[in-house]
Structures are given as C-alpha cells and as structure tokens.
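[1] Turn this into a model:
(2 chains)
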Amino acid sequence: MSLVFAGVCSHAPGITGRAARADARVRDTFYAKLGELRERLEAAKPDALIVVAAEHFANFFMNNMPAYCMGMADSYEGPIEDEEWLAIKRNRVPGNADLSRRLIQALLSDIDVAYAEEWKFDHGIMVPLHFLTPRYDLPVIPVNVNCQGPPLTPLKRAYEFGRVLRRACDAQPERIALVGTGGISHWPATPDSGTINEAWDREFLARFLANDAKALTSYTDEETLRDAGQGGFEIRTFLTVAGATEGATGELLFYAPIPIFAVGCTVATMAVKQGRGRPASHKIV
Amino acid sequence: MALTACRRLGYDGTMSLYYVQKLLYQLNRDPLVRKRFESDKRALLDEYELNVEERAAIEAGDVGLLYVMGVNGQILMHYAALLGQPWDVYIAAMRDGVRKHGPVRAGLYSMLKDRR
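    Modelled structure (predicted):
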C-alpha cells in the first residue's frame, strides 16, 4: 500500500534500565506519551514497522561500517545487553525478509544501502519496541544509519535516504510504519552523561516539526559535537523520517530533559500524506 | 595474529586501539567469546594486537583507563554492563580515569570539551 505512519522517539537505555531513579511524575507522563505513540501506530494498522536507528556497535564495527544498512531476516533477537541492566528480557522479534528484500532492491536504485541477514538489536531498537510493540507481534525491519563511528554520512544524505525510503515503501502492497529513534543532544557513555542542551533540542525540534529540510541539514558535525555532544550525531535518524515525510509537518507529543535517562526524552509524530503521486527523483546529493 | 615486539613493549599505543575496541565489541555481542574470556582469557587476548597497557586494562576491567585510551563510550558502556558495574560506579570510573590518566587520548571522545 504505502507508508501509513511516521514518528520518532528516544531510545536511551536509562529509559528502561534506570526507570526507578527518575522523577516519577515526569517519567510516567513520558511513558504515557510513548503509549499514545503506540496507540497511533496501531490505529494505522501497519503490516510492518521500519525502525531507523543509530545502533551502538552491536552488529557493525570499524572493520566494515556501512553508512546505511537494512535488515533482511525473518527474525531478529535482542537485546544484546545484560537483561537486568536494560530491564528488558531477551526476545525474538519477527521480521519480514521478503518485504526487506523488495525495499532494499528499490532503495538500491538511488542509494547504496547495505543489507544484513543477521542482526542483534541493542537498546537503540529494543527500548522503542518495549513501548511500541510490547508483545513483539509486529514484523520489524531494522535500519541503521551510522551515527557512532565517523566518518558519518552527511545530513543531506540522511534526509535524501528518507526520501528514497518513502518511495520504496510507497511501491509495496503492505502498510508500512516508520519510526526514527536517536538523539537529540546528549553526551551518553561519557563522564558528562546526563548533560542535555535543552535550548538546542527545542530549536532542532522546531526545525524538525516544520520539516524544514534546509534548516535541518544546515548543522555541521563540528557544531553538533560542540553544542549537542557526540550523541547529537543521531539526529540523522530524525532527518531520515523528515525526508520520508517531506512536505508534511509534525506534532510534538512530549519533550522533557530527564538527566538520569541521559537525554531530552522526545515523542513526536509526522503527518503522512497519502497518494501524492510523488515523482521519482534521481537527484543524488 | 602475531604480536610485534614493539607492541609487546607498549609502543605505538594508538594503533592498537582498534583491536582493544574489536575485542570489547566481540565480547559484548558474542556469548562464545564471553565464555572464552572467562575460561581462557590469556589465549583469547593473545589473538589481538594489544600493547602492555591495553592488555592490563582489559585484564583488570579498568573502565576508566579504557575510556582515556579512547575506546568508544558505547562499546565501553556495554562492556561495563557486562562486568556488572552499577551505573554510578561506571560513570565514576570514567571520571576517575580522566583524573588519574589525563584527558582522552584518541578517537571521537578526545574532541569533546569537558562540560562539567
């Protein structure tokens, strides 16, 4: 059918692993908004969910690091992390290798995406799934955008990847949902963990919700590193969602810095315009 | 892979950072590598090009020193979880590492400004 849903959310491991240490009122509101995101996702009746994530060396390493990779398996497993540490039980997550294969073939017309028939999910995918598909009953197609090990794909390419991903989705008979997960500003896994640049986050979210491609792609990595930390590189996942919903705008369901979760916790949706007859673009940036 | 004499002596430290990270990456994701780490650590470490300081840091589970060496924090965070380090202990270990050994020497994290 086409893309039927698009959203974004945070994925920091503290969201589940350090739940007891957060301010209960803010945490519970955040969880409720993640629940609302799940309800909206379910209402769209998707056949599969693409999760665009920024994995953290669970599958890809500097011996062979793809800028973009899509999973192509009938099942996945996760989390790789200690179950108690993340407070998520290890599970088998259904995939859809046939749909993945068709999407990858379509993507390859415009972008050299890698594929992986084996993929172990880390917190970057498992935390969103814990809230969005808690019964693990919706086929998931993982996508990774390398946001951890520079050199990184340019922001314009991350946005363009979203545009071509949309075209690939719209060419399939299935109803497909898309969730991006990453950022926004944070300094995870450093002594500065818990630092959050709320002003930077809110400016970024304004650009994202307006789907202002020019403003979204204007950050340099040097600026992002300085103002949003190395975790800020994960905005690429948001840009991919923005590219996939080009021309539409978003709705912010929740944003609040929760330092013990080490991130400004975010939940948002992007409108998905149907049947626009978007012409194929062969613009390579 | 064979260790070179200079690596054994601890020279050329930044060049083998790649192998420190590779070992930790494989430990984090592969139960068989974890089993070997527990049962036959010496033989496992022999397979990686590690200098003396790196090898000692891994043998001791010295998260602070590994952070200062430039191990990517995401790899290190999973490793600390694998070691069973509570969150506050893990964060404190990185801070202590910087205090004791100086700023991060290599990699992406050496470019971060101290925000505290």
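
[2] alpha carbons only for contacts and neighbour counts from here, please
    Fine.

[3] What's the nearest residue in the stretch 101-250 of chain A when you look at chain B?
    Nearest to chain B, among the residues of the stretch 101-250 of chain A, is A:A189, at 4.7 Å (CA to the nearest CA).

[4] Check the burial of the closest residue to that residue other than its chain neighbours by counting its neighbours.
    If the residues on either side of it in the chain are set aside, A:A189 comes closest to B:G73, at 4.7 Å by CA to CA, 6 or more residues apart in numbering or on different chains. A count of nearby residues for B:G73, using other CA atoms under 10 Å in any protein chain shown, gives 23.

[5] One more: A:E222?
    A:E222 has 13 nearby residues by other CA under 10 Å.

[6] Quick one: distance of the helix or strand harbouring it to the chain centre.
    Element membership for A:E222 (DSSP states H and E) is helix A:221-228. Computed by CA atoms, centre = their mean, to the nearest Å, the chain-centroid distance of helix A:221-228 equals 20 Å.

[7] Can you give me the buried ones in it?
    A:D221, A:T224, A:L225, A:D227, A:A228 (16 or more other CA atoms under 10 Å in any protein chain shown).

[8] any idea which helix or strand comes after the helix or strand of chain B with the lowest mean pLDDT?
    Using mean pLDDT, DSSP states H and E, helix B:5-8 stands out as the lowest-scoring helix or strand of chain B, at a mean of 43. Later in the chain than helix B:5-8, the nearest helix or strand by DSSP H and E is helix B:17-29.

[9] isn't A:P191 right next to B:D96, touching?
    No: using CA atoms under 8 Å, A:P191 is not in contact with B:D96; the gap is 9.3 Å.

[10] neighbour count winner among those two?
    Ranked by neighbour count (other CA under 10 Å), A:P191 and B:D96 place A:P191 first, with 23 against 17.

[11] Assign a three-state SS to that one, would you?
    With DSSP: H, G, I helix; E, B strand; the rest coil as the basis, A:P191 sits in coil.

[12] if you average pLDDT over the helix holding A:E222, what comes out?
    Averaged across helix A:221-228, pLDDT comes to 96.

[13] That one near chain B anywhere?
    Yes: shown here: helix A:221-228 in contact with chain B (CA under 8 Å from any CA of the partner chain) through A:L225, A:R226.

[14] longest helix anywhere in chain A?
    helix A:24-43 (DSSP state H).

[15] Show the pLDDT at A:G277.
    pLDDT at A:G277 comes out at 44.

[16] And A:K283, by the same measure?
    47.

[17] Kindly report the same for A:L152.
    Looking at A:L152, its pLDDT reads 97.

[18] In three-state terms, how would the residue most central in space within chain A be classified?
    Closest residue to the average C-alpha location of chain A: A:G180 at 2.1 Å, with CA atoms, centre = their mean. Assigned with three-state DSSP, A:G180 falls in the strand class.

[19] Now for it: which residues touch it?
    Contacts for A:G180 (CA atoms under 8 Å, 6 or more residues apart in numbering or on different chains) come out as A:G7, A:V8, A:C9, A:V51, A:V52, A:A53, A:T237, A:F238, A:T240, A:V241.

[20] which SS class is the last one?
    Okay, so that is A:V241. From three-state DSSP, the assignment for A:V241 is helix.

[21] From what I see, it and A:F5 are in contact.
    No: at 10.3 Å, A:V241 does not count as touching A:F5 under the criterion of CA under 8 Å.

[22] helices or strands next to the lowest-mean-pLDDT helix or strand in chain A in the packing?
    Lowest by mean pLDDT, DSSP H and E among the helices and strands of chain A is helix A:83-86, with a mean of 94. Counting by 3 or more CA pairs under 8 Å, 6 or more residues apart in numbering or on different chains; DSSP states H and E, the packing neighbours recorded for helix A:83-86 are helix A:14-17.

[23] can you list the residues that contact the helix it packs on?
    A:E84, A:W85, A:L86, A:A87, A:I88, A:V127, A:I260, A:F261, A:A262.

[24] Could you export the residues you listed to a markdown table, including columns for neighbour count?
    Formatted as a markdown table, those follow (neighbours: other CA atoms under 10 Å in any protein chain shown):
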| residue | neighbour count |
| --- | --- |
| A:E84 | 13 |
| A:W85 | 19 |
| A:L86 | 24 |
| A:A87 | 19 |
| A:I88 | 19 |
| A:V127 | 26 |
| A:I260 | 18 |
| A:F261 | 24 |
| A:A262 | 22 |
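
[25] Between those, which sits nearest chain B?
    A:W85 (6.4 Å).

[26] how about the helices of the chain, start to end?
    Since no chain was named, I'll use chain A. Under DSSP H, chain A gives helices at A:14-17, A:24-43, A:83-86, A:97-107, A:123-132, A:155-170, A:198-209, A:213-216, A:221-228, A:235-244.

[27] looking at chain B here, not the other one
    Under DSSP H, chain B gives helices at B:5-8, B:17-29, B:31-39, B:41-46, B:52-60, B:63-69, B:73-82, B:87-101.

[28] In PDB, could you pull the C-alpha coordinates for the fourth one?
    Once side chains and other backbone atoms are set aside, the C-alpha atoms of helix B:41-46 remain, and they are given as PDB (Å, rounded to 0.1, in the frame of the first residue of the first chain):
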ATOM      1  CA  LYS B  41      41.400 -15.200  28.900                       C
ATOM      2  CA  ARG B  42      45.100 -15.300  28.100                       C
ATOM      3  CA  ALA B  43      44.700 -17.300  24.900                       C
ATOM      4  CA  LEU B  44      41.800 -15.000  23.800                       C
ATOM      5  CA  LEU B  45      43.800 -11.800  24.400                       C
ATOM      6  CA  ASP B  46      46.800 -13.300  22.500                       C
END
